[in-house]
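mind folding the following:
(one chain, ligands or ions: 1)
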Amino acid sequence: MQVLRRRGWELAEREATPEPVVLGRRAAIAGGAALGVAIGAGSAGAVPVPPGLTPNPRYPAGRALSRETDATTFNNYYEFGSQKNIWRAAEKLPQSPWSIAIAGLVKSPREIALDDLVRQVTLEERIYRHRCVEAWAMTVPWTGFALSRLLALAEPLGSAKYLVFTTRADAKVMPGLQEDWYPWPYTEGLTIEEAGNELAFLVTGMYGKPLPPQNGGPIRLAVPWKYGFKSAKAIVKIAFTEERPESYWETISPTEYGFWANVNPDVPHPRWSQATERLLGGDERVPTRIYNGYGEFVAGLYADKPNERLFT
Ligand code: MTE
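Residues are numbered from 1 along each chain as shown. Prediction:
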């Protein structure tokens with residue numbers, strides 16, 4: 001197995017977006033707003049955010065929102081490279097048309113256009129804390145819908161135990177795919193119980209706008225009690241399986257990035273501590289909390305799994 005020939009996540013903190021890039025982005029945003037158009041070519045056709053949404057009060061953030069410019073210019077998206085400043089490259093990823101295959105152990109496997117899917121759900125806004133395994137964190141207002149709603153639409157068979165998320169791999173616009181020791185496409189998995197948990201969220205927008213390509217547009221996952229690598233971007237297929245899948249980072253380095261990957265400050269990564277996290281946009285570090293502070297919602301999912309490696 002190729003174990004981190006390029007140790008991507010060791011690069012994290014020294015790859016902060018240079019100020020000119022941030023300023024350039026702001027100028028682009030201002031220009032776009034003046035023209036009344038969506039930002040970036042890649043945003044065209046992404047899922048519009050209904051006006052007037054307010055954050056769901058059931059999920060208080062408990063800390064200040066990250067600045068939009070920080071959250072949209074400091075990204076992990078290996079398909080576009082292992083550096084953090086891929087936002088401009090990611091805007092080349094076409095956002096429409098987009099469809100998602102519902103596959104595997106479901107009543108009727110099918111392909112559903114994202115537009116059609118969105119018509120069958122209720123979009124809401126939720127502010128979630130996001131904790132990357134690299135020990136940086138952000139606080140973001142996402143727009144989207146509960147993954148449990150998709151579960152209901154998919155009608156999984158009784159034998160389905162896991163969901164496997166497969167994401168877009170488009171070599172025409174994703175230079176990272178040339179690094180062929182990585183196990184493309186990027187995939188992730190959840191148990192069906194985790195997917196049915198109220199926190200599991202399919203995201204189509206952020207900061208009241210369509211989800212930018214660099215953040216996983218037009219549709220990504222947000223599972224905020226887990227390390228960020230579980231929140232797969234640019235989802236094109238959701239398969240239901242009986243077998244536990246092996247996901248992208250697990251294939252690359254199974255001792256460092258496991259299936260469960262629940263946030264826990266007391267379980268260090270083999271190469272660094274997870275006790276604290278740096279809030280995006282500054283140097284402030286805050287204590288990391290078990291399940292990223294969402295234990296009241298999710299701890300029960302793991303009560304019957306004393307022998308699993310739940311926190312890496
Ligand atoms: N999804 C895909 N397809 N490719 C990736 O490289 N990186 C993951 C996750 N989803 C990744 C992905 C990691 S490590 C993190 S921390 C989050 O996306 C980062 O999300 P953000 O860029 O919106 O902050």
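
for stretch 197-208, which positions count as buried?
N197, L199, A200, F201, L202, V203, T204, G205, M206, Y207 (16 or more other C-beta atoms under 10 Å). All C-beta atoms are positioned from the backbone trio N, CA, C, and that covers glycine.

and for stretch 94-114?
94-96, 98-100, 102-106, 112, 114.

those residues also near the ligand: which ones?
The overlap between the buried residues of stretch 94-114 and the neighbours of the ligand (C-beta under 6 Å from any ligand atom) is empty.

which two from the residues you listed end up farthest apart in space?
Spanning the widest gap among those are P94 and L105, at 30.2 Å by C-beta to C-beta.

spatially nearest residue to the closest residue to the ligand within the stretch 151-300 of the chain, not counting backbone neighbours?
Per C-beta to the nearest ligand atom, G228 is where the stretch 151-300 of the chain lies closest to the ligand, at 2.7 Å. In space, not counting the residues next to it along the chain, G228 is nearest to C132; the distance is 4.1 Å by C-beta to C-beta, 6 or more residues apart in numbering.

correct me, but that neighbour touches K226?
No - counting by C-beta atoms under 8 Å, C132 does not reach K226; the two are 10.7 Å apart.

more neighbours, those two?
The neighbour comparison of C132 against K226 (other C-beta atoms under 10 Å) goes to K226, with 27 against 20.

can I get the CA coordinates of the host helix or strand of L151 in CSV?
Per DSSP states H and E: L151 is located in helix 147-154. Provided in CSV are the C-alpha atoms of helix 147-154 (Å, rounded to 0.1, in the frame of the first residue of the first chain):
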residue,chain,number,x,y,z
LEU,A,147,-29.7,13.0,5.1
SER,A,148,-32.5,11.1,6.8
ARG,A,149,-34.9,12.6,4.1
LEU,A,150,-32.8,11.1,1.4
LEU,A,151,-32.8,7.8,3.3
ALA,A,152,-36.6,7.9,3.2
LEU,A,153,-36.6,8.7,-0.5
ALA,A,154,-34.1,5.9,-1.3
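
strands along the stretch 151-300 of the chain, start to end?
162-167, 187-191, 201-206, 209-210, 220-222, 235-241, 276-279, 285-287 (DSSP state E, counting those that start in this stretch).

looking at the ones you listed, which is buried most?
When neighbours are counted by mean count of other C-beta atoms under 10 Å, the highest per-stretch mean among the strands of the stretch 151-300 of the chain falls to strand 201-206, a mean of 25.

separation between the residue nearest to G281 when sequence neighbours are not counted and the ligand?
Among residues not flanking G281 along the chain, D70 sits closest, at 4.0 Å (C-beta to C-beta, 6+ apart). Computed as C-beta to the nearest ligand atom, to the nearest Å, the D70 to the ligand distance reads 10 Å.

what residues does the stretch 201-312 of the chain put near the ligand?
N215, G216, G228, F229, S231, A232, K233, A234.

same check, this time on the stretch 1-150 of the chain
So the stretch 1-150 of the chain meets the ligand at N75, N76, Y77, Y78, E79, C132 (C-beta under 6 Å from any ligand atom).

give me the most central residue, this protein.
What sits nearest the mean C-alpha location of the chain, by C-alpha atoms, centre = their mean, is S231, with 2.9 Å.

got JSON lines for the residues of the stretch 1-150 of the chain next to the ligand, with pLDDT and secondary structure too?
Output for these, formatted as JSON lines (pLDDT from 0 to 100; DSSP: H, G, I helix; E, B strand; the rest coil):
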{"residue": "N75", "pLDDT": "98", "secondary structure": "coil"}
{"residue": "N76", "pLDDT": "98", "secondary structure": "coil"}
{"residue": "Y77", "pLDDT": "98", "secondary structure": "coil"}
{"residue": "Y78", "pLDDT": "98", "secondary structure": "helix"}
{"residue": "E79", "pLDDT": "98", "secondary structure": "helix"}
{"residue": "C132", "pLDDT": "98", "secondary structure": "coil"}
